[in-house]
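**Q** Predicted coordinates and the sequence they were generated for:
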Amino acid sequence: MNQTQIAMKKNFNPKMILIVVSLFTSSILFSQEKPFRIGVKIGFPNGVGGNIEYVLPLLGNKLSVSLDYTGLKADKYLEDDESAKLNYMEGGFNYYFTKEGKGFYGGVSYGSFKLKGESTGYYSDDETKGTGTGSFDFTNNSVNIKLGAKLGGLFYFRPEVGFAFSGFPKAIDMIITYPDGSTEIDSFIEEGDLPNVITSGLIFNIGFGFAF
């Protein structure tokens with residue numbers, strides 16, 4: 001081994017290599033300003049739920065991945081003998097048209113809306129059946145397209161509108177079960193109760209949160 005090789009071996013520092021690799025990786029992942037966002041969305045079909053977004057180091061830092069989640073109990077808006085729970089989850093991608101991770105964007109996503117609950121105190125025309133319990137378990141899955149805008153920096157505001165290719169039905173059935181095992185079908189949501197903007201597939205929400 002000559003003197004040059006000996007000198008190179010002495011100067012080799014694994015920690016320095018690790019630092020250089022870490023800095024290079026960080027420069028790729030965080031090349032755009034404030035790529036992480038966490039906030040709240042209010043609207044339909046989200047109800048009131050959380051949102052997280054991460055701007056990927058792809059396509060000029062204009063592509064992001066987004067996830068929405070809502071888990072709500074609606075008991076306080078119902079009668080004493082009624083209960084309901086709403087769950088909504090949506091995941092997809094947003095593409096920012098002009099700036100890195102901010103301004104106007106278009107998105108495509110897949111959403112799953114679930115509404116489940118029950119109600120007691122149902123009486124049949126046949127009085128011998130006793131008191132029945134009604135239950136409903138509704139699920140609506142859809143591919144969605146959206147247009148929105150992220151406005152602001154550290155604290156941001158986000159209006160968003162879109163369209164679900166699988167719109168909501170105009171009525172949701174409830175199955176009533178009686179003590180003797182017999183069942184009847186009634187409407188939890190009757191036709192005409194939901195506005196046309198919902199049954200047509202319209203999506204709308206307002207979001208706000210923090211970027212870092």
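**A** All right, it came through fine.
**Q** Secondary structure class of Asn87, three-state.
**A** Assigned by DSSP: H, G, I helix; E, B strand; the rest coil, the conformation of Asn87 is strand.
**Q** So it versus Ser66, what's the distance?
**A** When distance is defined by C-beta to C-beta, to the nearest Å, Asn87 is 18 Å away from Ser66. C-beta coordinates here come from the backbone N, C-alpha and C atoms, glycine included.
**Q** One more: Asn94?
**A** As judged by C-beta to C-beta, Asn94 and Ser66 stand 6 Å apart.
**Q** what do those two both touch?
**A** Residues touching both Asn94 and Ser66 by C-beta atoms under 8 Å, 6 or more residues apart in numbering: Glu53, Gly107.
**Q** Can you tell me the centre-most residue of the chain?
**A** Nearest residue to the geometric centre of the chain (C-alpha atoms, centre = their mean): Asp68, 2.0 Å.
**Q** Name all residues that make contact with it.
**A** The contact partners of Asp68, taken as C-beta under 8 Å, 6+ apart, are Lys41, Asn46, Gly49, Gly50, Asn51, Tyr88, Met89, Glu90, Gly91, Gly111.
**Q** Now it: closest residue in space that isn't a chain neighbour?
**A** Of all residues not flanking Asp68 in the chain, Glu90 sits nearest, at 4.3 Å (C-beta to C-beta, 6 or more residues apart in numbering).
**Q** Need the pLDDT of the one you found.
**A** Glu90 carries a pLDDT score of 97 in this model.
**Q** What's opposite it in the beta bridge?
**A** Judged by DSSP bridges, the bridge partners of Glu90 are Asp68, Gly111.
**Q** returning to that earlier point: for the residue nearest to the centre of the chain, give its distance to Ser187.
**A** The gap separating Asp68 from Ser187 is 29 Å, by C-beta to C-beta.
**Q** since we're on the closest residue to Leu63 other than its chain neighbours, how many residues are nearby?
**A** In this structure, Leu63 finds its nearest non-sequential neighbour in Leu56, 5.0 Å apart by C-beta to C-beta, 6+ apart. For Leu56, the neighbour count with other C-beta atoms under 10 Å is 15.
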